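S.K.: attaching a predicted model along with its sequence, questions to come.
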Amino acid sequence: MRGCAELLSELNTCDEHWRIEAKETSRTLGKTASQTISAFSNEPGIEGGYLLLGVSRDPASGNYRVTGVHEPDKLQREVASLCASAFNRPLRPNVQVCMVDEKPVIVVYIPEEVPHNKPIYIKAQGLPRGAYRRIGSTAQHCTDEDIRMFHTSAERRTYDESVIPGASLDDIDPHAIDEYRRARRAANPHAPELNWNDGDLLLALKCADKQGDELIPTLAGVLLFGRDMAIRKYLPLMRVDYIRVPGHKWDGEISYALEFREPLLRMIPRVIAGVMDDIPRCVAFHEGSIQRHERPLIPERVVREAVVNALMHRNYRSCGTIRIIRYPGRLEITNPGHSLVEIGDEGSITSVTRNPAIAAVLHDTNLAENKGSGIRMMVQLTREARLSPPVFESNHQADYFRAAFSLHHFFSEEELEWLRGFSAADLSDEEAMALVFVRRNGSISNEQCRDLIELDVVGASKLLGKLRDLGFLIQHPHGAMTFYTPTGQLGVAPVCTTHQRVEVSLDEEETLSVDSEAILPDIAESIRMLGKRSSPQEVMRVIVQICSVRPSSAGEIAQLVGRSKKWVSASYLKPMIHDGQLEYVIPGEPNHPEQKYKVGRSEQEI
């Protein structure tokens, strides 16, 4: 169990997240405590979470401060009683009291429950309403899919291991099994399963189940080794569609399309080849060679991993297809099934798979990377190719996962020329990326630096501190909300903030200042009035005010309203785009690195 000082330090550095939640609770637990406890108990892969009681967030500075609790013994008993009686199973939290600034703080560690005990739900509300999952820094109601996942995990049989009624071994293609043996032999010539007959091999791989004297193929068996006719008969929509569209937004018009429906071991190489054939290529030179060669803008390993991830982790209960869309400036791969765990910093993701039988075969044949390393590898390879970072979106409610890859290099020619002006500083690649980010956006925070570059909190702080010491950045210390703006020698206009008077260039003749009486008094006051517990409607109203002055990026808006960029994007900007309150400055490319938001027509007409 981690200590109070360590947890407080992480709160002030990274804000609340999927493992830590702070509550101002002084005399009694609030109604939301039971929801948080249920979420920490249920969420796969995070190993539980911490409740800090007697800690609140200062709306002015954004820092978390200790307020303390009254009668800590009584509150400890309340926590123990709630965990023992309010849920469908008794829970045993680890509760400690520590003194910070002579004030008592209660640390409650809620361990993750074992699979056969899930879901943990509030008895008074029942299922499914009383069961929660930890999504980001919030507790969300479990969906029917979540409940099924918990139940199948408890039975130790996942959906891909379930038999297909009516199927038989006649539906298995012997040639597909031969392809598995060839791939497995190439990966490990001494693998013992190479000596087994087809029936025993299918049983061992959980691709068939024995019922009486007969072997019945499972879902994994048909997907991996099924005949084409069997796949169409039993799984008619389990296919991959590749679509090329002419515009930045798909309006139904298709320039080119391919459809893939065959056993996965045969399909995956064909899908990868089909995508790579359509990826634009650029000219490159090997180091020390004058011979030019062409290479795809997106590395093949990135495409391979994205395709394998989509097929390995998709929700096969859903009847939707995997859709790969190639726009003029980006590639998007969308599969049914949200991520079962939180996508964290540095592109890392905890290894929890929805389809372990399929995943095991893909790992055995070296089609999939080491467990948990796929997303991290894609981020690293796109960075090495000087492309804008990929964007991964997991939508729990709509139940889909999307990976988007830009076809644009991170540095434009004009930006490279601009960086040459600082050659005397001998900047590293990471430092150059941070400066270009500041040039584009007017400011950068530790969180934005971590998202941009593969660094931890300390590494990002050191990098930004060095750029500050070199005279490129000005630090604005505000605890977890600390950010940096450019100095004059960068020749970049800084983003406006509510913490001091900072001018922002609107056009050649106009500037904007937070305390400017001519332009922004109402907006600055509205921003200052926002607190942590402001309603979504209040926050959205302020966002409309900000974007009515000039188009603003998600990072700029997040800084102004005092919330994280990810939270602002998911909770405010996307719904406001959907409702027409805001519009993209670059239509059809929501993940464009220079995307900004402007007031929608519906708001302009009011």
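M.R.: All right, it came through fine.
S.K.: contacts, neighbours, all on C-alpha from now
M.R.: Fine.
S.K.: which other residues reach stretch 192-208?
M.R.: 161, 163, 177, 181, 184-185, 209-210, 215-222, 357, 360-361 (C-alpha atoms under 8 Å, 6 or more residues apart in numbering).
S.K.: and with 7 Å instead?
M.R.: Identification of contacts with stretch 192-208 by C-alpha atoms under 7 Å, 6 or more residues apart in numbering yields E161, R181, D209, L215, I216, P217, T218, A220, G221, A357.
S.K.: tell me the mean pLDDT over it?
M.R.: The average pLDDT for stretch 192-208 rounds to 94.
S.K.: just the terminal-to-terminal distance for that stretch.
M.R.: 19 Å (C-alpha to C-alpha, to the nearest Å).
S.K.: inside strands: which ones of the contacts of stretch 192-208?
M.R.: D209, L215, I216, P217 (DSSP state E).
S.K.: adding distance to P280, write those out as a markdown table.
M.R.: As requested, those are arranged in a markdown table below (distance: C-alpha to C-alpha, whole Å):
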| residue | distance to P280 |
| --- | --- |
| D209 | 45 |
| L215 | 47 |
| I216 | 45 |
| P217 | 41 |
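S.K.: most neighbours among these, please name it.
M.R.: P217 (30 neighbours; other C-alpha atoms under 10 Å).
S.K.: the residue lying closest to that one once chain neighbours are set aside: neighbouring residues, count only.
M.R.: Closest residue to P217 apart from its sequence neighbours, by C-alpha to C-alpha, 6 or more residues apart in numbering: A208 at 4.1 Å. By other C-alpha under 10 Å, 28 other residues sit near A208.
S.K.: same check on A554?
M.R.: 21.
S.K.: now do the same contact list for it.
M.R.: K565, S569, K596.
S.K.: lowest-confidence entry in those?
M.R.: In terms of pLDDT, the lowest of the contacts of A554 is K565, showing 85.
S.K.: correct me, but that one touches G555?
M.R.: Yes. In this structure, K565 is within contact of G555 by C-alpha atoms under 7 Å, at 5.5 Å.
S.K.: between those two, which has more neighbouring residues?
M.R.: G555 (22 against 19).
S.K.: buried set for stretch 384-404?
M.R.: 386-394, 396, 399-404 (16 or more other C-alpha atoms under 10 Å).
S.K.: cool, and stretch 227-241?
M.R.: Across stretch 227-241, burial judged by 16+ other C-alpha under 10 Å covers R227, D228, A230, I231, Y234, L235, L237, M238, R239, V240, D241.
S.K.: and C449, what does it touch?
M.R.: Contacts of C449 (C-alpha under 7 Å, 6+ apart): A434, A460.
S.K.: secondary structure element for it?
M.R.: In this structure, C449 sits in helix 446-452 according to DSSP states H and E.
S.K.: could you list the low-confidence segments of the stretch 451-600 of the chain?
M.R.: 454, 478-481, 491-525, 531-533 (pLDDT under 70).
S.K.: can you map out the helices along it?
M.R.: Taking DSSP state H, counting those that start in this stretch to define them, one finds helices in the stretch 451-600 of the chain at 457-469, 521-529, 536-549, 554-561, 565-568, 574-579.
S.K.: make a markdown table from those helices and add distance to S34 to it.
M.R.: Putting the helices of the stretch 451-600 of the chain into a markdown table (distance: least, C-alpha to C-alpha, whole Å) gives the following:
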| stretch | distance to S34 |
| --- | --- |
| helix 457-469 | 31 |
| helix 521-529 | 30 |
| helix 536-549 | 23 |
| helix 554-561 | 29 |
| helix 565-568 | 23 |
| helix 574-579 | 28 |
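S.K.: and of those, who's closest to A60?
M.R.: helix 521-529 (7.9 Å; C-alpha to C-alpha).
S.K.: from L52, how far off is R266?
M.R.: On the measure of C-alpha to C-alpha, R266 and L52 end up 51 Å apart.
S.K.: er, I453 actually
M.R.: Taking C-alpha to C-alpha, one finds I453 at 30 Å from L52.
S.K.: pLDDT weak spots in the stretch 251-400 of the chain?
M.R.: Those would be 282-293, 342-351, 369-373, if you go by pLDDT under 70 across the stretch 251-400 of the chain.
S.K.: that one: strands as residue ranges?
M.R.: When assigned using DSSP state E, counting those that start in this stretch, the strands of the stretch 251-400 of the chain occupy the ranges 256-260, 281-285, 292-296, 322-326, 330-336, 391-395, 400-406.
S.K.: how about JSON lines for those strands, with distance to L560 added?
M.R.: Formatted as JSON lines, the strands of the stretch 251-400 of the chain follow (distance: least, C-alpha to C-alpha, whole Å):
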{"stretch": "strand 256-260", "distance to L560": "43"}
{"stretch": "strand 281-285", "distance to L560": "40"}
{"stretch": "strand 292-296", "distance to L560": "39"}
{"stretch": "strand 322-326", "distance to L560": "34"}
{"stretch": "strand 330-336", "distance to L560": "29"}
{"stretch": "strand 391-395", "distance to L560": "23"}
{"stretch": "strand 400-406", "distance to L560": "27"}
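S.K.: nearest to Y316, of those?
M.R.: strand 330-336 (7.7 Å).
S.K.: pairing partners for the closest one, with directions?
M.R.: strand 322-326 (antiparallel), strand 400-406 (antiparallel) (DSSP bridges).
S.K.: residue contacts, L223?
M.R.: Applying C-alpha under 7 Å, 6+ apart, the residues near L223 are I231, P263, L264.
S.K.: can we see that at 10 Å?
M.R.: Taking C-alpha atoms under 10 Å, 6 or more residues apart in numbering, we find L223 in contact with 160, 172, 207, 217, 230-231, 234-235, 238, 261-265, 311, 358.
S.K.: closest to K74 out of those residues?
M.R.: D160 (48.0 Å).
S.K.: surely the closest one is in contact with P356?
M.R.: Yes. If you go by C-alpha atoms under 10 Å, D160 and P356 touch, sitting 7.6 Å apart.
S.K.: higher neighbour count, the two?
M.R.: D160 (23 against 19).
S.K.: tell me the one of the buried residues of stretch 384-404 nearest R281?
M.R.: For those, the nearest to R281 is L387 (13.2 Å; C-alpha to C-alpha).
S.K.: how near is the closest one to P587?
M.R.: 20 Å.
S.K.: tell me which residues of stretch 159-173 are tucked away?
M.R.: Y159, D160, E161, S162, V163, I164, A167, S168, L169, D171, I172, D173.
S.K.: again but with stretch 300-310, I slipped
M.R.: Buried residues in stretch 300-310 (16+ other C-alpha under 10 Å): E300, R301, V302, V303, R304, E305, A306, V307, V308, N309, A310.
S.K.: would TSV of those residues with distance to R468 be doable?
M.R.: Shown next, in TSV, are those (distance: C-alpha to C-alpha, whole Å):
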residue	distance to R468
E300	38
R301	36
V302	34
V303	37
R304	40
E305	37
A306	37
V307	41
V308	42
N309	40
A310	41
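S.K.: so what's the backbone phi/psi at M238?
M.R.: phi -80, psi 80 (degrees, to the nearest 10).
S.K.: what residues are up against it?
M.R.: 223, 231-232, 260-262, 311, 316, 318-322.
S.K.: of these, just the buried ones, PyMOL syntax please.
M.R.: In PyMOL, a selection of the buried entries from the contacts of M238 looks like this (16+ other C-alpha under 10 Å):
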select buried, resi 223+231+260+261+262+311+316+320+321+322
